[in-house]
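In: Below are the sequence and a predicted model; questions follow.
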Amino acid sequence: QKEVEQNSGPLSVPEGAIASLNCTYSDRGSQSFFWYRQYSGKSPELIMFIYSNGDKEDGRFTAQLNKASQYVSLLIRDSQPSDSATYLCAVNVEDDKIIFGKGTRLHILP
Amino acid sequence: DVKVTQSSRYLVKRTGEKVFLECVQDMDHENMFWYRQDPGLGLRLIYFSYDVKMKEKGDIPEGYSVSREKKERFSLILESASTNQTSMYLCASSFRETDSPDTGELFFGEGSRLTVL
């Protein structure tokens, strides 16, 4: 069975620091990778997607992909209390079928 | 503005009842998904549909069936509800990524919290 693995956390990071979230996936054929943020009681919302090896930056967020190591990460710079949420790594495993990791709870300490 | 609407936010059903969860999207998306979300288990894919009348099993299809008679509507059916199906159910939709290589983003409904007594 194809899997996406994340540390469940909680990950506690001081305000203003860099938060680093990691994800590994089992399907070497996967091509598309996503990071979703989910606030408590809300539905997930997309914050980043990445297709190519390397880094992709969008504001305070940077997604990193290493297909050889089957590893995706999300860096959040200048962390804010509003970044406190659960972050879900998602992978397109075949023909647009998308599966999720269990999520990492991030807590930004004021 | 993309909208995915789930018919019921909260449902309470009894063991053995047949349950229908409805989902409608207004963005002409080809793909539609049903996930369930449980504490500590994340989002698990139940079923996926990439076109009308087409469906694929996800990771946990047992006890569920789906129906996609129209492009905009994807229904999840619990033929005989059991207590272990108490969960939050999330519907999502997306464009077909092969048609739009830079998309693949899932748009979620607000969720349907089902309690089976």
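Out: Looks like it arrived, so ask away.

In: Can you give me every residue that contacts the spatially most central residue of chain B?
Out: For chain B, the residue lying nearest the average C-alpha position, counting by Cα atoms, centre = their mean, turns out to be residue B:34 (2.3 Å). Each residue near residue B:34 by Cβ atoms under 8 Å, 6 or more residues apart in numbering or on different chains is listed here: B:21, B:23, B:45-48, B:58, B:64, B:66, B:74, B:76, B:89-91. (Each C-beta comes from the backbone N, C-alpha and C, glycine too.)

In: can you list contacts of the longest strand anywhere in chain B?
Out: The longest strand of chain B (DSSP state E) is strand B:42-51. Surrounding strand B:42-51, the residues in contact under the criterion Cβ under 8 Å, 6+ apart are A:44, A:88, A:95-103, B:30-38, B:55-61, B:64-66, B:68, B:71, B:74, B:76, B:89-90, B:96.

In: Among the residues you listed, which ones are in strands?
Out: A:88, A:97-100, B:31-38, B:55-57, B:65-66, B:68, B:74, B:76, B:89-90.

In: Show me the shaky parts of the chain.
Out: All of this refers to chain A. Low-confidence regions of chain A, defined here as pLDDT under 70, do not occur.

In: wrong one, I was asking about chain B
Out: Of all residues in chain B, those with pLDDT under 70 make up the ranges B:2, B:97-103.

In: need the residues of it near chain A, please.
Out: Remark: the part of chain B in contact with chain A comprises B:31, B:33, B:35, B:40-45, B:48, B:50, B:56, B:58-59, B:90, B:94, B:96-98, B:101-102, B:104-106, B:108-111, using Cβ under 8 Å from any Cβ of the partner chain.

In: circling back: can you say which of the contacts of strand B:42-51 are buried?
Out: Buried by 16 or more other Cβ atoms under 10 Å in any protein chain shown: A:44, A:88, A:96-103, B:30-37, B:55-56, B:58, B:61, B:64, B:66, B:68, B:74, B:76, B:89-90, out of those.
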